[in-house]
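In: Structural data only, the sequence is not supplied:
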């Protein structure tokens with residue numbers, strides 16, 4: 001019988017914790033929202049730059065292995081995607 005009570009108590013605790021979490025959450029004010037937006041924007045730029053540099057380094061590595069002197073990065077495929 002104790003096992004059944006333990007199983008029934010798990011969803012009750014989950015709902016209780018979820019309710020407490022939602023009551024503590026507050027809507028950010030304008031200053032906090034702008035700060036979060038700036039941080040997310042900088043993160044996007046950094047990740048984009050890292051991705052571009054990796055793509056650039058892989059393109060140079062592949063072209064040097066093949067013996068090509070020219071560096072060709074298909075910008076259209078990068079922007080649109082290889083669909």
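Out: Structure's in. What do you need? Predicted model, so just to flag it, every value in this text is computed and none were measured.
In: Need the per-residue pLDDT for residue 74.
Out: We have a pLDDT of 65 for residue 74.
In: any weak-confidence spans in this protein?
Out: Applying pLDDT under 70 to the chain flags the ranges 1, 63-83.
In: can you give me the helices for it?
Out: 2-24, 30-66, 75-80 (DSSP state H).
In: Counting by contacts, list what the second one packs against.
Out: Applying 3 or more Cβ pairs under 8 Å, 6 or more residues apart in numbering; DSSP states H and E, one finds that helix 30-66 makes contact with no other helix or strand. Just so you know, the C-beta spots here come from the backbone N, C-alpha and C atoms, and that holds for glycine as well.
In: Now do the buried residues in it.
Out: By neighbour count on 16 or more other Cβ atoms under 10 Å, the buried set for helix 30-66 is empty.
In: Distance from that helix to the middle of the chain?
Out: 12 Å (Cα atoms, centre = their mean, to the nearest Å).
In: got it, and stretch 27-47?
Out: On the basis of Cα atoms, centre = their mean, stretch 27-47 sits 14 Å off its chain's mean C-alpha point.
In: ditto for stretch 4-13
Out: Distance, stretch centre to chain centre, for stretch 4-13: 34 Å (Cα atoms, centre = their mean).
In: list the buried ones in that stretch?
Out: Per 16+ other Cβ under 10 Å, stretch 4-13 contains no buried residues.
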